[in-house]
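J.: Sequence and predicted model, in that order:
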Protein chains: 2
Amino acid sequence: MSREIRLIEVKEEIFGDNRETAARLRRELAGRGTLMLNLMASPGAGKTSLILRTLAALPDACKAAVIEADIDSLVDAETVSRAGTEAVQLRTGGFCHVDAAMTEQALAVLQGRDYDLVILENVGNLVCPAEFDTGAHLNVMILSLPEGDDKPLKYPLMFSLCDALIVNKLDYRELTDFDLDKMRQRVLRLNPKIAIFPLSCRSGEGLRAWLDWLFEHLKPLT
Amino acid sequence: MSREIRLIEVKEEIFGDNRETAARLRRELAGRGTLMLNLMASPGAGKTSLILRTLAALPDACKAAVIEADIDSLVDAETVSRAGTEAVQLRTGGFCHVDAAMTEQALAVLQGRDYDLVILENVGNLVCPAEFDTGAHLNVMILSLPEGDDKPLKYPLMFSLCDALIVNKLDYRELTDFDLDKMRQRVLRLNPKIAIFPLSCRSGEGLRAWLDWLFEHLKPLT
């Protein structure tokens, strides 16, 4: 039992430090006119696809960068770079989340250039990333139709803390029994203020509402 | 820096304790003629569906139980119970994995009855559960087609340690660009001995090969 307690102490210490680092990062970024968005989801829900769609729709004047937090590959950073946006790869080497210190290291690589938007693609995981403030101004998550409409019941913390929920893979609609209304009720019970955007990164359906919401948040900083 | 080192020490201590508990559990279960299977996957990949399909196909003489490790809901345990199999719910309350001590607590609830098969449905997560030996004899994971064929590159530890990989949601085949051969190559590079079963829990296609493999492993213990 004593060991368990010891672990919790360490964890809380780390959470405390992390919160301070995150709050400082958030202030510094806002001071430089940079909006940081932390994008979270299960593996394969469509984080990279949403990032590519979003980057392609940004106004020319908007300078963006992407921080990729894959566990052991460069796949996503390479994909984003090929699409013409600066990308930094955070190798989390087995870590299951990104914290503010890791984000700060990645931002240091980008330093010296004024970005309007930095998108952090967090590790594919609905549990741990929800526990660590990255310093982002906006927390956004993706739930994809094939994952099922019961996910808010199983991963409530993630759904509770996000500012927006992308419901991706609408193009799979006919193959799933995903009940969008039921899911919406479950999410709103946890988080009445969350903005919900059903869309398909593949077909482009529904993207406009998401982009408008994001651009609204970009405005005050640009 | 000292804090980081302290965390790692605690983690290793826990891993060491966990390995011992897991090894003991594994021996005790084998002594009672019980095969334990640890089932891991992303959220929504089809863990509960595979369990229901598997339970329905077991010979009548085979006594099975399920340990459900949801984070904050009883959804899956209720589903399994409704299907007529004893289910224990492990409330991990925000934890991102199941360890051997948690498994032992769940098994204690089942104690006194001789099960041939215990299926542990781990937390939906491709990262953390891979790091903790649960005491199971078989580690099995599910990757579903909508998640993409690049997942072995991103979550190599999980793919490295599993005895079998279920590739679920074959019925989504026409809607995805999932390349089964490419995925297979990526997995076999990490784990040449892994058994791979493409199937669809929905249509039932491919289930036979998975069931035969599982029944082969049940034999020596029954």
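T.: Now that the structure is in, tell me what you want to look at. Numbering: from 1, shown residues only, chains lettered A, B, ... in the order given.

J.: Break down chain A into its strands, ranges please.
T.: For chain A, the strands defined by DSSP state E occupy A:35-41, A:64-68, A:86-89, A:117-121, A:138-144, A:164-168, A:195-198.

J.: Describe which strands the fifth one pairs with in its sheet and in which direction.
T.: Applying DSSP bridges, strand A:138-144 is found paired with strand A:35-41 (parallel), strand A:164-168 (parallel).

J.: residue closest to the middle of chain A?
T.: Relative to the mean C-alpha position of chain A, the nearest C-alpha, by CA atoms, centre = their mean, is the one of A:Leu39, at 0.9 Å.

J.: Quick one: low-confidence residue ranges for chain A.
T.: Within chain A, the set of residues satisfying pLDDT under 70 comprises A:1-14, A:70-75, A:92-94, A:111-112, A:220-222.

J.: all helices for chain A, in order.
T.: All helices of chain A, identified by DSSP state H, fall at A:2-31, A:47-57, A:75-82, A:100-110, A:151-154, A:156-161, A:180-190, A:207-218.

J.: so can I have CSV of these showing mean neighbour count and distance to B:Glu86?
T.: No exception for glycine: its C-beta is placed from N, CA and C like everyone else's. Shown next, in CSV, are the helices of chain A (neighbours: other CB atoms under 10 Å in any protein chain shown; distance: least, CB to CB, whole Å):
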stretch, mean neighbour count, distance to B:Glu86
helix A:2-31, 14, 28
helix A:47-57, 20, 38
helix A:75-82, 18, 42
helix A:100-110, 18, 43
helix A:151-154, 23, 21
helix A:156-161, 20, 26
helix A:180-190, 16, 28
helix A:207-218, 16, 44
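
J.: Compare those and report which one is nearest to chain B.
T.: Of all the helices of chain A, helix A:151-154 sits nearest to chain B, with 4.1 Å by CB to the nearest CB.

J.: want to try TSV for the helices of chain A, with distance to B:Arg26 as columns?
T.: Formatted as TSV, the helices of chain A follow (distance: least, CB to CB, whole Å):
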stretch	distance to B:Arg26
helix A:2-31	22
helix A:47-57	37
helix A:75-82	35
helix A:100-110	35
helix A:151-154	28
helix A:156-161	32
helix A:180-190	38
helix A:207-218	48
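
J.: Could you export those to JSON lines, including columns for distance to chain B?
T.: Putting those into JSON lines (distance: least, CB to the nearest CB, whole Å) gives the following:
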{"stretch": "helix A:2-31", "distance to chain B": "6"}
{"stretch": "helix A:47-57", "distance to chain B": "9"}
{"stretch": "helix A:75-82", "distance to chain B": "5"}
{"stretch": "helix A:100-110", "distance to chain B": "9"}
{"stretch": "helix A:151-154", "distance to chain B": "4"}
{"stretch": "helix A:156-161", "distance to chain B": "5"}
{"stretch": "helix A:180-190", "distance to chain B": "10"}
{"stretch": "helix A:207-218", "distance to chain B": "18"}
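
J.: Would you quantify the distance from the closest residue to A:Cys62 other than its chain neighbours to B:Leu110?
T.: Computed as CB to CB, 6 or more residues apart in numbering or on different chains, the closest residue to A:Cys62 that is not its neighbour in sequence is A:Asp116, at 4.7 Å. Separation of A:Asp116 from B:Leu110 (CB to CB, to the nearest Å) stands at 56 Å.
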